[in-house]
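Engineer: Sequence first, then the predicted structure:
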Amino acid sequence: MPTQAEKALKHIAHAENKTRFIPGLSEDIGAKDIAKVGIIGAGTMGGGIAMCFAGAGIPVILHENNKEALNRGLGVIEKNYTISCKKGRLKSEEVDARLALITGSLDISNLKSCDLVIEAVFENMDLKKEIFRTLDNICKKGAILATNTSTLDVNEIASVTGRPEDVLGLHFFSPANVMPLLEVVRGDKTSPLALKTAMEIAARINKIPVISGVCFGFIGNRMLAGYGREAQRMLLEGAAPKDIDSVLEDFGMRMGVLAVYDLAGIDVGHKIRQALGKNLPDDPTYFKAGAIMFKAGRFGQKTKAGFYRYEKGTRQRFDDEEVGRLMQAAAQELGVAQRNLSPGEILERCIFPLINEGARILEEGIALRASDIDVVWTSGYGFPKERGGPMFYADTIGLEKVLEGVQRYREIFGPEFWTPAPLLLSLTKDGKKFSDWDRENA
């Protein structure tokens with residue numbers, strides 16, 4: 001008999017293959033030929049995306065607004081290739097060939113001949129809309145215009161162009177040249193041709209594409225909000241960062257959620273939440289820990305201090321008593337009682353929101369399948385493949401256990417974040433699993 005881990009691994013292997021099947025998309029629809037790609041933004045994401053295409057032998061024009069930023073971006077790309085060469089992953093002639101495929105640009109009109117243009121600037125809607133207005137004016141007819149946004153409304157971005165059928169989201173995960181996941185975000189007016197082309201290009205650059213509908217955060221980051229919210233709330237309740245992260249890493253997560261925030265940059269998530277303004281939940285504890293870190297200038301590894309402390313020249317994390325003092329002061333101010341949290345509670349409060357939000361995403365049609373959600377989390381967020389992804393894991397432990405937990409925490413913390421998804425309720429009532437939903441609907 002196969003073990004549970006073997007069943008989970010088999011599930012993920014099958015799920016990764018299935019993401020490319022899009023119900024309603026005719027096999028007769030061909031894909032556009034992508035012979036040249038333009039990328040706007042030579043930062044971490046833009047440079048990583050450029051490496052993806054160069055690695056597939058596709059010429060890239062990497063555009064930046066100023067020479068210093070462009071040279072810095074090109075320098076990072078060259079450095080990354082040099083490291084790969086020293087480690088024996090690439091031959092020197094391969095490095096030369098890939099670098100030759102990447103051309104820097106300070107004039108956005110150089111992108112007019114590109115078949116695909118990917119915008120990879122920071123998360124600011126006004127800036128992205130300005131860029132897409134410009135692209136609409138300069139890019140050739142039929143060119144696909146993609147945004148690498150991780151959270152913003154693709155429909156709103158597409159609306160400023162006269163060709164919304166050619167606009168979609170291509171959400172790469174950092175580092176883009178390493179991470180295998182690609183969320184392909186289908187706008188309301190994205191054409192079948194553009195969608196098919198995106199799926200084909202994902203295969204060419206060796207990515208696992210998962211279709212997502214339009215909502216804030218798409219599949220992965222929308223679910224991440226509840227996961228991170230509870231982790232940060234538990235800091236106020238008296239848990240230390242290592243208490244939370246060690247439970248998650250023992251469960252099998254590649255990295256604990258607080259360590260992930262330190263790696264990605266606490267300032268990044270904080271600024272995204274600030275941009276939401278009045279759309280944020282009316283709860284003073286909502287990501288309060290992150291706001292405290294931001295105010296203290298503790299952005300994570302980049303500043304050598306975040307939820308952990310870091311020493312120069314190493315990514316090894318160290319406990320920092322200052323974090324505990326900051327959390328204790330905030331808890332007093334907010335009236336949050338501090339206590340000892342058991343490993344079982346920590347795990348449930350991180351994982352159950354993932355499953356509950358995944359159920360909402362599924363019933364809203366944002367994700368095509370529960371198994372697609374599993375692929376997003378195992379390929380993009382470090383969820384252990386040996387547990388099959390959050391939805392498979394829910395099936396494994398029983399949806400009734402998940403529902404009981406969500407309802408229990410609702411009694412403690414209220415309904416704002418702990419209301420069971422209707423799909424979770426209905427599946428539990430009928431004695432079904434998420435895998436049953438997939439068989440009947442996907």
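Structural biologist: Now that the structure is in, tell me what you want to look at. Numbering: from 1, shown residues only.
Engineer: neighbours around residue 43, how many?
Structural biologist: The burial count assigned to residue 43 is 15, neighbours taken as other Cβ atoms under 10 Å. (Each C-beta comes from the backbone N, C-alpha and C, glycine too.)
Engineer: no, scratch that, I was asking about residue 259
Structural biologist: Residue 259 sits with 24 neighbouring residues when counted by other Cβ under 10 Å.
Engineer: For it, identify the helix or strand it belongs to.
Structural biologist: Secondary structure assignment for residue 259, by DSSP states H and E: helix 257-264.
Engineer: Strands along the stretch 301-442 of the chain, start to end?
Structural biologist: Using DSSP state E, counting those that start in this stretch, the strands of the stretch 301-442 of the chain run over 309-310, 317-318.
Engineer: got the ones you listed as CSV, with distance to residue 442 columns?
Structural biologist: Below are the strands of the stretch 301-442 of the chain laid out as CSV (distance: least, Cβ to Cβ, whole Å):
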stretch, distance to residue 442
strand 309-310, 43
strand 317-318, 40
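Engineer: Of these, which is nearest residue 104?
Structural biologist: Of all the strands of the stretch 301-442 of the chain, it is strand 309-310 that lies closest to residue 104, at 32.3 Å by Cβ to Cβ.
Engineer: Mind listing residues that contact that closest one?
Structural biologist: By Cβ atoms under 8 Å, 6 or more residues apart in numbering, the residues outside strand 309-310 that reach it are 262, 301, 304, 316, 317, 318, 319, 320.
Engineer: Can you give the distance from that strand to the centre of its chain?
Structural biologist: Mean-position distance between strand 309-310 and its chain equals 25 Å (Cα atoms, centre = their mean, to the nearest Å).
Engineer: next one: stretch 76-95
Structural biologist: 27 Å.
Engineer: Give me the mean pLDDT for that stretch.
Structural biologist: Taken as a whole, stretch 76-95 carries a mean pLDDT of 95.
Engineer: which residues are contacting that stretch?
Structural biologist: With contact meaning Cβ under 8 Å, 6+ apart, stretch 76-95 is reached by 44, 47, 50, 51, 98, 99, 102, 177.
Engineer: Leaving out chain neighbours, which residue sits closest to the fifth one?
Structural biologist: So that's residue 98. Counting by Cβ to Cβ, 6 or more residues apart in numbering, residue 98 lies nearest to residue 54, which is 4.2 Å off, once chain neighbours are set aside.
Engineer: mind checking the SS state of the one you found?
Structural biologist: Assigned by DSSP: H, G, I helix; E, B strand; the rest coil, the conformation of residue 54 is helix.
Engineer: show me the contacts for it.
Structural biologist: By Cβ under 8 Å, 6+ apart, the contact list for residue 54 reads 60, 98, 99, 101, 102.
Engineer: Can you pull the phi/psi pair for the last one?
Structural biologist: Recorded main-chain torsions at residue 102 are phi -110, psi 120, according to degrees, to the nearest 10.
Engineer: Tell me the spacing between it and residue 62.
Structural biologist: 6 Å (Cβ to Cβ, to the nearest Å).
Engineer: Look at the two and report which has more neighbours.
Structural biologist: residue 62 (25 against 22).
Engineer: circling back to that earlier point, pLDDT added to the contacts of stretch 76-95, as a markdown table?
Structural biologist: Shown next, in a markdown table, are the contacts of stretch 76-95 (pLDDT from 0 to 100):
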| residue | pLDDT |
| --- | --- |
| 44 | 92 |
| 47 | 97 |
| 50 | 98 |
| 51 | 98 |
| 98 | 98 |
| 99 | 97 |
| 102 | 98 |
| 177 | 95 |
